[in-house]
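A.B. asks: What would the 3D arrangement of this be:
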Amino acid sequence: MLKEFIKKRQLKWSFTLLALAISLIVSIVFALAIGPTQISPNLVARILISKLVRIHNDWPAYFESIIIGVRLPRILLGALVGAALGIAGCSMQGLFRNPMASPYVIGIASSSAFGASLVIVLGLSTNWIAPSAFLFSVSCAFLVYSIAKVRGKVPIGTLLLAGIAISLFFSALVSFTQYVAGERELRQIVFWLMGGLWQSNWDKVIRVLPLIFLGSTGILFFSRDLNILLTGEEQAQNLGVRVDNVRKMVLVLASLITASSVATCGIIGFVGLIIPHMMRILVGPDHRILLPSSLLGGAIFLIWTDTLARKIIAPSELPVGIITAILGVPFFLFLLRSRKKQIGF
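C.D. replies: Model (predicted):
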C-alpha cells in the first residue's frame, strides 16, 4: 500500500514538472514571436531548431537576427531571474514557516540594491555591481540573523522584524545615494531600481547563469531539511537536522541568487511572494516538488510579465518591476487578510 502511494506521488510529481517544463518552452516560443516585428510561433520554432539541425532556410535573414540576437537573450534572462526569485522566495517561506516571507522582506534585495547603487554613484566599472550586490546581501543576511538570535535560537517573528528594520535602513541608504548622485547617475539608479530587462544581452545571460544554477541546485539539496523544519525547530533537531547550519546555508544561497538577479536587472519585486504560494496550492507543501515547481513557475511568470511590459505602451515599454508590483501588492494584501482570518482577527 505504501509503495503504491509513493509510486503515485512520484508519478504525479513527474507529470507536474513535465507540464511546467513544457509550459516554459511554449512560453519562450510565443514570447519570442511577440514584438514590433510580428513573427509566427511556428517560424520562431523553426529558426531555433535551425541552430541545432540543418533545415531549409526560407525566412529573411533579419528575422534570425531579431530572434537570436535581440529577443532570445532578453527572454532567457527573464526566465533565469524569474526562476531565481521564485526558488529564493520558496526557500525563505519554508525557512521562516511564513507564506509572506521573501528575500525582500528580510532585506536581501534592498541591501543588494544599495551595493549596486553605491558602485554607480562612485563611478566604478559596472563589473563591480554584481560582487558589491552579493557582498552587501550576504552581510545583510548574517546581520539580520545575528540580531534575531537569542540564546542560540532564532525566533521566526524576531527574524522577520529584524529583516524589515534592516530592509528599511538599506532603503534609506539607497535614497541617500540618489540624493548625492549626479544627474546621469541618478537617472541610471532610478531606472535600475524600477527593475527591467531592456539592457539584456548574451553576456549578462552567460554571467548570471552559473550563479543562479549553482545557488538553485544548492537550495534543492536542502529540500528534505526544509520539510523537517516545517514540524518545528525542536522536532527538527531531534530528527538530526542541524537547524543553525541549514538556515545559514539557505540564507547564503538565497542571497547569492537574489543578488545575482538584482545586480543584473534591478529590483523586481513580489515574484518570490506570488509564485511559491501559487505552486503550494498546486503541488502541496513538500519542498521536494515545491522548490523545482517554484523555479519553473517563476521563470514562466516573469517571461509573460516582461512581455506585457513590452506591449502595454508599445513602442515604449514599462519596467517589468512595475507590472510585478501592480500584481503583487493586491496578492500580498490577500495573503495578509487570509492570515488574519486564520488567527481569528
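
A.B. asks: Give me the residue at the spatial middle of the chain.
C.D. replies: The chain has residue 85 as the residue nearest its centroid, 1.0 Å off, counting by CA atoms, centre = their mean.

A.B. asks: Report the separation between that one and residue 278.
C.D. replies: From residue 85 across to residue 278, the span is 13 Å (CB to CB, to the nearest Å). The way it works is simple: take the backbone N, C-alpha and C, and place the C-beta from them, glycine included.

A.B. asks: Ok, residue 142 next?
C.D. replies: Plainly put, residue 142 is 30 Å away from residue 278 if you go by CB to CB.

A.B. asks: quick one, which of those two is more surrounded?
C.D. replies: Taking other CB atoms under 10 Å, residue 142 and residue 278 do not tie; residue 278 has more neighbours (17 against 13).

A.B. asks: quick one: pLDDT of the more buried one?
C.D. replies: What the model reports as pLDDT for residue 278 is 87.

A.B. asks: pretty sure it contacts residue 297?
C.D. replies: Yes - using CB atoms under 8 Å, residue 278 is in contact with residue 297, at 6.6 Å.

A.B. asks: The residue nearest to the centre of the chain reaches residue 302, doesn't it?
C.D. replies: Yes - counting by CB under 8 Å, residue 302 is a contact partner of residue 85 at 7.5 Å.

A.B. asks: what residues are shared contacts of these two?
C.D. replies: Common neighbours of residue 85 and residue 302, using CB atoms under 8 Å, 6 or more residues apart in numbering, are 268, 271.

A.B. asks: Going along the chain, name the strands of the protein.
C.D. replies: With strands called from DSSP state E, the chain shows none.

A.B. asks: Poorly predicted segments of it, please.
C.D. replies: 1-2, 5, 151-156, 335-336, 338-345 (pLDDT under 70).

A.B. asks: Repeat the analysis, applying 50 as the threshold.
C.D. replies: Scanning the chain for pLDDT under 50 picks out the ranges 343-345.

A.B. asks: And for residue 329, the neighbour number?
C.D. replies: Around residue 329 sit 13 other residues, with neighbours defined as other CB under 10 Å.

A.B. asks: how far away is it from residue 322?
C.D. replies: Relative to residue 322, and taking CB to CB, residue 329 is found at 11 Å.

A.B. asks: which residues touch residue 224?
C.D. replies: By CB under 8 Å, 6+ apart, the residues touching residue 224 are 287, 288.

A.B. asks: From residue 289, how far off is it?
C.D. replies: Residue 224 is 12 Å from residue 289, by CB to CB.

A.B. asks: Who are the packing partners of the helix of greatest length in the chain?
C.D. replies: Longest helix in the chain, counting residues (DSSP state H): helix 2-33. When contacts are defined as 3 or more CB pairs under 8 Å, 6 or more residues apart in numbering; DSSP states H and E, helix 2-33 sits against helix 41-50, helix 72-96, helix 271-283, helix 287-311.

A.B. asks: Reformat those as TSV; add distance to residue 136.
C.D. replies: Shown next, in TSV, are the helices and strands packed on helix 2-33 (distance: least, CB to CB, whole Å):
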stretch	distance to residue 136
helix 41-50	38
helix 72-96	16
helix 271-283	18
helix 287-311	23
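
A.B. asks: mind checking which of those is nearest residue 6?
C.D. replies: Minimum separation from residue 6 across those (CB to CB) falls at helix 287-311, 11.9 Å.

A.B. asks: Mean neighbour count, the helices and strands packed on helix 2-33: which tops it?
C.D. replies: The highest average neighbour count among the helices and strands packed on helix 2-33, using mean count of other CB atoms under 10 Å, belongs to helix 72-96 at a mean of 27.

A.B. asks: could you give the angle of it to helix 287-311?
C.D. replies: 140 degrees (axes from the mean of the first three to the mean of the last three CA atoms, to 10 degrees).

A.B. asks: what's helix 72-96 packed up against?
C.D. replies: Packing partners of helix 72-96 (3+ CB pairs under 8 Å, 6+ apart): helix 2-33, helix 156-180, helix 202-221, helix 223-229, helix 243-265, helix 271-283, helix 287-311.

A.B. asks: Take the ones you listed and lay them out in JSON lines including distance to residue 101.
C.D. replies: Formatted as JSON lines, those follow (distance: least, CB to CB, whole Å):
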{"stretch": "helix 2-33", "distance to residue 101": "23"}
{"stretch": "helix 156-180", "distance to residue 101": "7"}
{"stretch": "helix 202-221", "distance to residue 101": "14"}
{"stretch": "helix 223-229", "distance to residue 101": "12"}
{"stretch": "helix 243-265", "distance to residue 101": "10"}
{"stretch": "helix 271-283", "distance to residue 101": "8"}
{"stretch": "helix 287-311", "distance to residue 101": "13"}
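
A.B. asks: Mind checking those for the one nearest to residue 148?
C.D. replies: Within those, the stretch nearest residue 148 is helix 156-180; the backing value is 4.0 Å (CB to CB).

A.B. asks: The residue nearest to the centre of the chain and residue 14, how far apart?
C.D. replies: Here the criterion is CB to CB. By it, residue 85 lies 25 Å from residue 14.

A.B. asks: for residue 133, same thing?
C.D. replies: From residue 133 to residue 14 the distance is 36 Å (CB to CB).
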